[in-house]
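got a sequence here, can you model it:
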Amino acid sequence: MTITCLDLEGVLVPEIWIAFAEATGLPELKRTTRDEPDYDKLMKYRIDILGENGLGLTEIRNTIEGIDPLPGAKEFLDALRRECQVIILSDTFTQFAGPLMAKLGYPTIFCNSLEVADDGTITGYRMRTEKSKYEAVKALQSIGFDTIASGDSFNDLAMIEASKAGFLFRSTEEIKKAHPELPAFDEYDDLLNAILRSL
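Residues are numbered from 1 along each chain as shown. Have a look, this model is predicted:
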C-alpha cells in the first residue's frame, strides 16, 4: 500500500505567516521555510517579533479563520484520497491547523505544537521529532508502506527524496534549480496525474 504525504502551506493552503504578516503590517513575518532552511532559527525569529509587538495566539487564530484553501486544493485532495491514503505532514502547529482541516474535509495531519502562556503569548514550540517530515516517511516505510511525497520548501526535500516518488509543487526557482532531478509542477491536475502514475 502507498501513502501520499503532502506538505500543507503553499501546497494546499496559503502560507499562514504571510497572511498574518499582511494582516498585521509586519512584513518581517513573511519569512518562511522557502527562505530559511533552519526551522529553529526561523521560529525563534518569529516568536521574538510576536513578543516585541504584543501579538499572540489569539491574533494569529483570528487571521487563520479567514484563510481558505488554495483554489482547487480541496478538489485535488478529494480526488487523491479516493485513490490512496493521504497524510499531511506539516511544520505548522495543532493550534493553527483546526480551521484549515475543517475546510479541507478533515484529512489526517501530523504537525507540531506551540508552547503558549495563559495570556496567549507564544513562548516556544515543540517539534514531534527533530526531522519530523523525514522521520514520519521513514516510520511509515518501516511498517510496510511505500510513500510518495510532495511539497514546496526546503523542509520538504528530505521526505521527497526518501520516498519512492517525490514532486515539487509551486516551489521556488532557487529550489527547483538546486534539484533538477525532482519533477516540479504548478497545477493540481499535473501533480495528481504524476502521483497516480506512481502508485
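
residues touching Y45, list them.
31, 36 (C-beta atoms under 8 Å, 6 or more residues apart in numbering). Just so you know, the C-beta spots here come from the backbone N, C-alpha and C atoms, and that holds for glycine as well.

wait, is it part of a strand?
No: counting by DSSP: H, G, I helix; E, B strand; the rest coil, Y45 is not part of a strand but helix.

count of neighbours near the residue nearest to D156 when sequence neighbours are not counted?
Distances taken as C-beta to C-beta, 6 or more residues apart in numbering put D7 closest to D156, at 5.0 Å, once the chain neighbours are dropped. A count of nearby residues for D7, using other C-beta atoms under 10 Å, gives 27.

and G98, by the same measure?
Number of residues near G98 (other C-beta under 10 Å) recorded here: 14.

OK, contacts around it?
Not one residue lies near G98 by C-beta under 8 Å, 6+ apart.

wait, a helix at it?
Yes: assignment of G98 by three-state DSSP places it within a helix.

what confidence value was assigned to it?
G98 carries a pLDDT score of 94 in this model.

gap between T172 and A79?
With distances taken as C-beta to C-beta, to the nearest Å, T172 is found 26 Å from A79.

I misspoke; the intended subject was G144.
With C-beta to C-beta as the criterion, G144 and A79 are 25 Å apart.

higher neighbour count, the two?
Ranked by neighbour count (other C-beta under 10 Å), G144 and A79 place A79 first, with 14 against 7.

how about the nearest residue to the more buried one, chain neighbours excluded?
Closest to A79 by C-beta to C-beta, 6+ apart is L192, at 5.9 Å.

likewise for E65?
Closest to E65 by C-beta to C-beta, 6+ apart is P99, at 5.5 Å.

which residues touch the one you found?
By C-beta under 8 Å, 6+ apart, the contact set of P99 is 61, 64-65, 67.

do the same with F20
The contact partners of F20, taken as C-beta under 8 Å, 6+ apart, are 26, 29, 59-60, 63.

which among the residues you listed gets closest to L89?
Comparing the contacts of F20 against L89 with C-beta to C-beta places I60 closest, at 20.9 Å.

ok, back up a step: of the contacts of F20, buried ones?
Using 16 or more other C-beta atoms under 10 Å as the burial test, the contacts of F20 include 26, 29, 59-60, 63 as buried.
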